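Asks: need a structure here:
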Amino acid sequence: MMHPNLQSINAYHGHYVATQEDEVTPLLQGDRETRHRSSGTSFGFSVLNLMNAIMGSGILGLAFAMANTGVIGFSVLLLIVASLASYSVYLLLTMCIQTAVTSYEDIGLFAFGSPGKILVASTIMIQNIGAMSSYLFIIKTELPAAIAGFLSGDHTGSWYLDGKLLLVVAAACIVFPLALLPRIGFLGYTSSLSFFFMVFFALAVVIKKWYIPCPLTLNSTVEIFQVANSSDECKPKLFNFSKESAFAIPTMAFSFLCHTSVLPIYCELKSPSKRRMQNVANLGIGLSFLIYFISALFGYLTFYDKVESELLEGYSRYLPHDGLIVTVRLFILLAVLLTVPLIHFPARKAFMMMFFSSYPFSCVRHIVVTLALNAIIVLLSIYVPDISNVFGVIGSTTSTCLLFVFPSLFFLKLSREDFMSRQKIGASALLAFGICVGVSSLTLISLNWIKK
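Replies: Coordinates of the predicted model:
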């Protein structure tokens, strides 16, 4: 029997609800002629699109997570999070086929009506605010270092090396005007470069591991390929658990979140099917896992226990004028400046949907909401002392919900399978894992703040 919410919403949208066994929904089949004319998106480009959605500022915090969990501990945790991210994509695709909708918010609508849609939209909005704050935090820390890399002599105290001032200027002169644009097409193309910048960053981390000696010194004129000293502080720890370890899984969850992009990518996929899109997700998550692991490992093996919560800060300290690091820093800053306005759009859309969905478009409202969002993320970036706090709080709350809790909860609500079936047991386990990780991580992070 059709779920009541499915029946009412289906009648409203005029969509047929397919059975779980159907590989391609009639909604997608109905668009297939259009896709044949436009050829759709190939498998390879779909993987790249998904990896572009996955990879972001989280890559800068994973070496810090490895330093606080150990090489083996980090590897196991990262593999678990990546595997569960792939499984939660499977649950989303299953519900997409069952309900014939193509957005995360509408799955929430099918499962719990308007409250479900508002819950998902508000979670996405908060997640996007956190992501934008992490990007602007990078501007605050890295833009002064990038400017200093082109200067000789001591310029300490100069206004053009004040990270907070530069952040306000960049947000007012670049981020805000771009976020006001009515269309984001060109930003979508340019922000796709951020993925290649992240790959370049990972390669630079591998190369520069051999340029910084251990024990670490502030003498930047080191011999190339200098062999590290064999002291205790230069030996990697296989397992390491401390109060900072509470940030590890939330940072990983933050880093692998791509689930709001999965269904749109599915709709654009050439010859779409559940199995084909799952292969896209598995390959995209797997390659992202590989890049994340390489950058985290070599970042940790470069700085060991002295690794910074934002990895580039370490290179700013020990190789301030290195050409490769300066280039990487400029690439990362360019990616940030083009990505933050792009993230503004879904955050603003979610806000408008929750509070002004029944009102016609207003240019004044558009400007005010954009300005308010911009002010919020700038203030968060200025007053949050450490990027690990952004990864920790957002990762343990909204990222955990979107990655683990919501897919499993909505699946348990919508699936017509027996409760003791393998799929429902798996979804129940994922739900329990997400709740435990979110609550325990947030509690430990809060206790860590109180003790400070």
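
Asks: and Thr102, what element?
Replies: Element membership for Thr102 (DSSP states H and E) is empty, with no helix or strand holding it.

Asks: neighbours of it, just the number please.
Replies: Thr102 sits with 19 neighbouring residues when counted by other Cβ atoms under 10 Å. C-beta here means a position set from N, CA and C on the backbone, and glycine is covered the same way.

Asks: is it in contact with Leu269, as I believe?
Replies: No - with contact defined as Cβ atoms under 8 Å, Thr102 does not count as touching Leu269 (11.4 Å).

Asks: quick one, what contacts Ser441?
Replies: Going by Cβ atoms under 8 Å, 6 or more residues apart in numbering, Ser441 touches 246-247, 249-250, 392, 395-396, 400.

Asks: shaky segments in the stretch 101-250 of the chain?
Replies: For the stretch 101-250 of the chain, residues meeting the criterion pLDDT under 70 lie at 153, 155, 184-192, 217-232.

Asks: can you rerun that using 90?
Replies: Counting by pLDDT under 90, the low-confidence segments of the stretch 101-250 of the chain come to 101-103, 145-161, 178, 180-199, 210-236, 241-246.

Asks: quick one: the helices in it, in order.
Replies: Along the stretch 101-250 of the chain, the segments classed as helices by DSSP state H, counting those that start in this stretch run 104-148, 163-170, 176-179, 185-191, 193-208, 248-256.

Asks: tell me which of those helices sits most buried.
Replies: By mean neighbour count, with neighbours taken as mean count of other Cβ atoms under 10 Å, helix 248-256 ranks first of the helices of the stretch 101-250 of the chain at a mean of 29.

Asks: ok and the helix or strand following it relative to helix 104-148, angle-wise?
Replies: Using DSSP H and E, the helix or strand that follows helix 248-256 towards the C-terminus is helix 259-268. On the basis of axes from the mean of the first three to the mean of the last three Cα atoms, to 10 degrees, helix 259-268 is oriented at 110 degrees to helix 104-148.

Asks: picking up where we left off before, dump the helices of the stretch 101-250 of the chain to a markdown table, plus distance to Phe64.
Replies: Supplementary listing: the helices of the stretch 101-250 of the chain in a markdown table, determined by distance: least, Cβ to Cβ, whole Å:
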| stretch | distance to Phe64 |
| --- | --- |
| helix 104-148 | 13 |
| helix 163-170 | 19 |
| helix 176-179 | 29 |
| helix 185-191 | 25 |
| helix 193-208 | 13 |
| helix 248-256 | 8 |
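
Asks: tell me which of these sits nearest to Pro407.
Replies: Across the helices of the stretch 101-250 of the chain, the minimum distance to Pro407, taken as Cβ to Cβ, is reached by helix 104-148, at 8.5 Å.

Asks: report the angle between the axes of that closest one and helix 163-170?
Replies: Interaxial angle, helix 104-148 versus helix 163-170 (the same axes, to 10 degrees): 120 degrees.

Asks: now the angle between helix 193-208 and helix 104-148, please.
Replies: Using the same axes, to 10 degrees, one finds that helix 104-148 and helix 193-208 are set 50 degrees apart in direction.

Asks: relative to the whole chain's centre, how far out is stretch 98-115?
Replies: Between the mean C-alpha location of stretch 98-115 and the chain-wide mean there is a distance of 22 Å, by Cα atoms, centre = their mean, to the nearest Å.

Asks: which secondary structure element is home to the nearest residue to Ile249 once chain neighbours are set aside?
Replies: The shortest distance from Ile249 to any residue that is not its chain neighbour, by Cβ to Cβ, 6 or more residues apart in numbering, is 5.5 Å, and that residue is Val437. Assignment of secondary structure by DSSP H and E places Val437 within helix 422-451.

Asks: was I right about His321 contacting Ile147?
Replies: No - if you go by Cβ under 8 Å, His321 and Ile147 don't touch, sitting 11.9 Å apart.

Asks: on that earlier part again, I'd like the average pLDDT over the helix holding Val437.
Replies: Per-residue confidence for helix 422-451 averages out to 92 on the pLDDT scale.

Asks: how about that helix: buried residues?
Replies: 423-424, 426-428, 430-431, 433-435, 437-438, 441-442, 444-445, 448 (16 or more other Cβ atoms under 10 Å).

Asks: and stretch 297-306, by the same measure?
Replies: Within stretch 297-306, the residues that qualify as buried by neighbour count (16+ other Cβ under 10 Å) are 297-304.

Asks: dump the residues you listed to a markdown table, plus distance to Ile285, pLDDT and secondary structure.
Replies: A markdown table is the format used below for the buried residues of stretch 297-306 (distance: Cβ to Cβ, whole Å; pLDDT from 0 to 100; DSSP: H, G, I helix; E, B strand; the rest coil):
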| residue | distance to Ile285 | pLDDT | secondary structure |
| --- | --- | --- | --- |
| Leu297 | 18 | 96 | helix |
| Phe298 | 21 | 95 | helix |
| Gly299 | 21 | 94 | helix |
| Tyr300 | 22 | 95 | helix |
| Leu301 | 24 | 93 | helix |
| Thr302 | 26 | 92 | helix |
| Phe303 | 27 | 92 | helix |
| Tyr304 | 28 | 91 | helix |
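
Asks: cheers, nothing more for now.
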